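**Q** Would you be able to build a 3D model of this:
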Amino acid sequence: MKKVYVAGAYSADNVLDVLKNIGRGEEVCAELFLRGYAPFCPWHDKDFVFKRPYHKFTVDMFYDYSIAWLKVCDVMFVTGGWENSAGTKKEIKIAEEMGIPIYYSISELYEKEQ
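**A** Sure, this is the predicted structure:
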C-alpha cells in the first residue's frame, strides 16, 4: 500500500471556506483510500481540536506533524484549488527537494503508481 501525502488548501478568510476545504480534502483522501492507497489526510487535524478544544494546539504543531508524515510518504497528491495556499506551496517545495513524486490528478497518480 503506497503512502500518499495529500496536500491542498486548508485555511481561508472565513469559516465556510475552511469547512469547504476540509470537505474537499477529506473527500479526496477517501477516494484514494478506496483505490488502495494509504493517504495522510491533514484535514483530519480538525478532530484533535474538536475533541480537545481546551488544549493549547498551535498551527506550528500541526505543520511540523504534517511535514513529518510528508517525509515518509511515497508520493504526494495535490488537490485542486491549492494555488493560493502558502502551506501547500511549502509542502510542494519540500517534496521536490526530497525527490517525492507529485501528482495533481488521481488518474495520473493511479496510472503511474500502480
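
**Q** what's the single longest helix in this structure?
**A** Ranked by residue count and defined by DSSP state H, the top helix of the chain is helix 15-34.

**Q** after it comes which helix or strand?
**A** The C-terminal neighbour of helix 15-34 among helices and strands, as given by DSSP states H and E, is strand 38-40.

**Q** other SSEs contacting that next one?
**A** The elements that strand 38-40 packs onto, with contact taken as 3 or more Cβ pairs under 8 Å, 6 or more residues apart in numbering; DSSP states H and E, are strand 3-7, helix 15-34, helix 59-70. (Glycine included, C-beta is placed from N, CA and C.)

**Q** Flag every buried residue along the helix or strand of the chain with the lowest mean pLDDT.
**A** Within the chain, confidence by mean pLDDT, DSSP states H and E is lowest for helix 106-113 among all helices and strands, at a mean of 90. Neighbour counts over helix 106-113 (16 or more other Cβ atoms under 10 Å) mark residue 109 as buried.
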